[in-house]
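[1] Predicted model, plus sequence, below.
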Amino acid sequence: MMIPVRCFTCGAVIGDKWEEYDRRVNKEHEDGAKVLDSLGLKRYCCRRMMISNVELIDEFVESGRK
């Protein structure tokens, strides 16, 4: 998991919300917009940080082992 701790634009703390967002959207198949609302992420910049996060750490680790 490499989610930034704070939003790049407004500086709000978002890192503590990533695990719950990921679990609810990917495992429980809830609507992403409703999950973001329930987590208290109202600003577009913070929502963008959560939606656009791509976990690349696994790919980096595998490519480093070759």
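    It's in.
[2] What residues does the residue nearest in space to the middle of the chain make contact with?
    In the chain, the centroid-proximal residue (CA atoms, centre = their mean) is residue 50; its distance is 3.4 Å. Residues in contact with residue 50 (CB atoms under 8 Å, 6 or more residues apart in numbering) are 3, 14, 17, 18, 21, 36, 41. Backbone N, C-alpha and C define where each C-beta goes, glycine included.
[3] number of nearby residues for residue 46?
    Close neighbours of residue 46, defined as other CB atoms under 10 Å, add up to 23.
[4] Hmm, it is touching residue 8, no?
    No - counting by CB atoms under 8 Å, residue 46 stays clear of residue 8, with 9.6 Å between them.
[5] which neighbours do these two share?
    Taking CB under 8 Å, 6+ apart as the contact criterion, residue 46 and residue 8 have no common neighbours.
[6] Can you point out the buried residues in whichever strand or helix holds residue 61?
    Per DSSP states H and E, residue 61 falls inside helix 57-64. By neighbour count on 16 or more other CB atoms under 10 Å, the buried set for helix 57-64 is empty.
[7] can you check stretch 19-29 too?
    Neighbour-count burial for stretch 19-29, counted by 16+ other CB under 10 Å, picks out 21, 22, 24, 25.
[8] how close does the third one sit to residue 55?
    Relative to residue 55, residue 24 is positioned 16 Å away (criterion: CB to CB, to the nearest Å).
[9] what's the answer for the last one, then?
    Here the distance between residue 25 and residue 55 works out to 13 Å (CB to CB).
[10] now the first one
    For residue 21, the distance to residue 55 (CB to CB) stands at 12 Å.
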